[in-house]
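Undergrad: Quick one: sequence and predicted model below, then my questions.
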Amino acid sequence: MKTTQRGFVVPLLIVIIALLLAGGGAYVYVQQGTTQTSNSQIAGWETYKNLGFEISYPTAWIIDKSSESQGVIWLRTKSRQADLDAKKMTRVFDIEIRVYNTVAELPNNEQDKFSFANWIDMKADEYGFVDRTPIMIDGVSGYKGVTGGEVFGDYLQFVENKGKIYEVGINGKATEEEMNIVKSFKFTK
């Protein structure tokens, strides 16, 4: 009886190992396909590097570094820039990246002095999030918030890295192109 059980266990283990290897191979294949798509998609894009991060954007977009010394850059489409040049009432950016030097600089945190995690729990709802979830950005834990788009745009993400807080926001309804720009965000070493 013991020989029969042993004879059954070995083929079962071989099948399990084969399934794990096949699943792992499929996962690697899918991940490589995703990375290649992303890399080829941004191959002709410009890259901004400063303030502890880099982000890539299409060459047709305009980067506004006029508030860079305050830790803010804006990315705009040409149509938004044309509206600004024509003095039309419009928001000044399509995508905004804002760097807070300390957690105390976060909006409405000057008096409360919440930690980053507590600020997300207590104050981020003031942004009107209808969905808030943890995310990983360049290997660092952060938070993604999706709003109704009325107050601060459709999408915000916050991440704390080396004591600074990085906020990336999309003004209005997030497009696929804007999300691809946001996904290109990485920290510089």
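TA: Done, it's in.

Undergrad: Next, count neighbours for the closest residue to residue 138 other than its chain neighbours.
TA: Spatial nearest neighbour of residue 138, excluding adjacent residues (CB to CB, 6 or more residues apart in numbering): residue 186 at 4.6 Å. From N, CA and C alone the C-beta is placed, and that goes for glycine too. Close neighbours of residue 186, defined as other CB atoms under 10 Å, add up to 16.

Undergrad: which residues in this structure form helices?
TA: Using DSSP state H, the helices of the chain run over 2-41, 78-85, 116-122, 176-183.

Undergrad: looking at the ones you listed, which has the lowest confidence?
TA: Per-stretch mean pLDDT for those is lowest at helix 2-41 (a mean of 51).

Undergrad: Please read off the pLDDT at residue 93 from the model.
TA: Predicted confidence (pLDDT) for residue 93: 84.

Undergrad: number of nearby residues for it?
TA: Residues near residue 93, counting by other CB under 10 Å, number 22.

Undergrad: Contact partners for it?
TA: Contact analysis of residue 93 by CB atoms under 8 Å, 6 or more residues apart in numbering lists 64, 74-76, 80, 171.

Undergrad: domains for the chain, by residue range?
TA: 1-41, 46-187 (automatic domain parsing).

Undergrad: Highest mean neighbour count out of the ones you listed?
TA: Ranked by mean neighbour count, these are led by domain 46-187 with a mean of 16 (mean count of other CB atoms under 10 Å).

Undergrad: what distance separates that domain from the middle of the whole chain?
TA: 9 Å (CA atoms, centre = their mean, to the nearest Å).

Undergrad: quick one: residue 45 from residue 91, how far?
TA: Residue 45 is 23 Å from residue 91, where distance means CB to CB, to the nearest Å.

Undergrad: still on that earlier bit, just the contacts of residue 93 now: which is nearest residue 131?
TA: Ranked by distance to residue 131 (CB to CB), those are led by residue 171 at 18.0 Å.

Undergrad: ok, the closest one to residue 76 distance?
TA: Distance, residue 171 to residue 76, by CB to CB: 9 Å.

Undergrad: any residues in contact with both of the two?
TA: Residues touching both residue 171 and residue 76 (CB under 8 Å, 6+ apart): 93-94.

Undergrad: Please tell me I have it right and residue 107 contacts residue 126.
TA: Yes. Using CB atoms under 8 Å as the test, residue 107 is close enough to residue 126 to be in contact (7.5 Å).

Undergrad: Let's have the contacts of residue 93 in JSON lines, adding distance to residue 160.
TA: Below are the contacts of residue 93 laid out as JSON lines (distance: CB to CB, whole Å):
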{"residue": "64", "distance to residue 160": "25"}
{"residue": "74", "distance to residue 160": "22"}
{"residue": "75", "distance to residue 160": "22"}
{"residue": "76", "distance to residue 160": "27"}
{"residue": "80", "distance to residue 160": "29"}
{"residue": "171", "distance to residue 160": "23"}
